[in-house]
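**Q** predicted model, plus sequence, below.
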Amino acid sequence: MTPSSEKLLEIYTSIQKIRKVELKIEDLYHDDEMKTPVHLSLGQEAVSAGVCANLLKEDYIFSNHRSHGHYLAKGGDLKAMIAELYCKETGCAKGRGGSMHLIDTSVGHLGSSSIVGGGIPNAVGAAFASKMEKRGLVSVCFFGDAACEQGVLYESMGWAALKKLPVIFMCENNQYSVHSYIDVRQIPGDLAKRAKAFDIPAMTIDGMNAVEVYEKSQQAIEHARSGKGPYFLEFKVQRWRAHAGAGDPIKEKYRKPQDLDEANERDPLEEFKQYLLDQILSAQTELEKIDANLDQEIKEAFIYGQQSPLPDDKDLGKYLYS
Ligand SMILES: Cc1ncc(C[n+]2csc(CCOP(=O)(O)OP(=O)(O)O)c2C)c(N)n1
Ligand SMILES: [Mg+2]
């Protein structure tokens with residue numbers, strides 16, 4: 001279904017929030033006060049925003065190491081996220097997890113995992129619980145193309161298909177695993193094809209186009225919620241920055257020049273903004289208001305994160321499980 005004006009503005013707010021927060025992280029990262037690795041999702045924002053705009057607050061999501069966009073789009077607390085990056089006691093994982101271990105159960109974000117593919121079986125488990133207890137909630141798992149090299153994905157798809165679980169496998173294919181291009185790691189062809197071996201319906205989507213992401217993920221989520229079982233979506237996206245940190249992939253020399261040209265050709269935020277301006281008459285004023293509110297919210301969140309206390313030395317062993 002074509003998104004309403006209200007929904008379009010919600011998606012815009014979400015994309016712009018991820019963009020502004022990550023640009024600020026990048027800007028401050030060199031100060032070396034955020035003692036955590038960060039994996040920026042700049043260039044990939046439309047996937048988080050478009051998918052989560054179709055979810056209920058209570059629906060579950062599971063995220064990976066490239067986690068900021070998923071957390072923010074699902075409505076995770078911004079102050080607690082920034083405090084987490086500064087490893088503070090007020091962080092969403094009490095300062096013990098850092099950027100790769102964001103969580104906010106109050107909005108159905110049941111956790112990010114730094115283990116490639118690690119969130120996939122957890123998402124299937126949550127979907128299983130939802131089905132057994134007739135909660136009517138769906139479970140979404142975000143993962144990258146490298147997770148398609150992990151056996152756990154195929155075990156999870158097999159079980160989800162057999163039990164017709166309300167889980168949606170959301171693969172963000174940016175074609176890189178750290179510095180390795182996909183053609184040296186996997187057989188050619190759309191990753192979505194693999195789900196068909198389990199009779200799981202699947203689509204390959206332009207992940208730089210927020211409207212397409214919204215409409216297609218709506219179809220997949222409705223399918224899962226109505227009891228028809230799992231769905232697999234592959235989003236073709238471009239990662240603009242280095243694998244980790246605030247690096248520039250051009251300086252790191254591993255990206256193919258034609259691939260970088262392609263990545264720089266498109267901007268999901270600008271494309272969506274243009275679409276919005278064409279659709280809604282008074283959009284310009286609305287967008288300016290949204291931008292100003294976000295700037296203020298982000299400013300306050302960084303002050304909160306920077307000024308919050310570090311965990312007490314005597315509590316360093318707290319919350320650790322093995
Ligand atoms: C099981 C496992 N193997 C290897 C790693 C090291 N590692 C961290 S991120 C990463 C690449 C992940 O690529 P992808 O899943 O495509 O996500 P992207 O970084 O491209 O968003 C690897 C290999 C890991 N964290 N876990
Ligand atoms: Mg990748």
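**A** That came through, no problem. Residues are numbered from 1 along each chain as shown. Ligands and ions are numbered 1, 2, ... in the order given.
**Q** and the strands in the stretch 1-150 of the chain?
**A** With DSSP state E, counting those that start in this stretch as the criterion, the stretch 1-150 of the chain has strands at 60-63, 109-112, 139-144.
**Q** can you pull the buried residues of the helix or strand following the last one?
**A** Spelled out, that is strand 139-144. Counting by DSSP states H and E, the next helix or strand C-terminal to strand 139-144 is helix 151-162. Going by neighbour count (16 or more other C-beta atoms under 10 Å), the buried part of helix 151-162 is 152, 153, 156, 157, 159, 160, 161. (Each C-beta comes from the backbone N, C-alpha and C, glycine too.)
**Q** skipping adjacent residues, who's closest to the last one in space?
**A** The shortest distance from residue 161 to any residue other than its chain neighbours is 4.3 Å, reached at residue 198 (C-beta to C-beta, 6 or more residues apart in numbering).
**Q** quick one on the thing from earlier: of all the strands of the stretch 1-150 of the chain, which lies closest to ligand 1?
**A** Ligand 1 lies closest, by C-beta to the nearest ligand atom, to one member of these: strand 139-144, at 2.4 Å.
**Q** which non-adjacent residue is nearest the residue at minimal distance from the centre of the chain?
**A** With distances taken as C-alpha atoms, centre = their mean, residue 70 lies nearest the centre of the chain, 3.0 Å away. Distance criterion C-beta to C-beta, 6+ apart; nearest residue to residue 70, sequence neighbours excluded, is residue 63 at 4.0 Å.
**Q** wait, the one you found touches residue 102, no?
**A** Yes - assessed by C-beta atoms under 8 Å, residue 63 is found in contact with residue 102 at 6.8 Å.
**Q** overlap in contacts of the two?
**A** Shared contacts of residue 63 and residue 102, defined by C-beta atoms under 8 Å, 6 or more residues apart in numbering, are found at 71, 109, 111, 112.
**Q** I'd like to know how many residues surround the nearest residue to the first one once chain neighbours are set aside.
**A** What sits nearest to residue 71 in space, not counting adjacent residues and going by C-beta to C-beta, 6+ apart, is residue 102, at 4.4 Å. Using other C-beta atoms under 10 Å, residue 102 has 26 other residues around it.
**Q** identify the residues contacting residue 102.
**A** 63, 67, 68, 71, 76, 81, 84, 92, 93, 109, 111, 112.
**Q** spell out which residues of the stretch 101-250 of the chain are next to ligand 2.
**A** 144, 145, 174, 176 (C-beta under 5 Å from the ion).
**Q** in ChimeraX, how would I select the buried members of the residues you listed?
**A** In ChimeraX, this line selects whichever of those come out buried by 16+ other C-beta under 10 Å:
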select :144,145,174,176
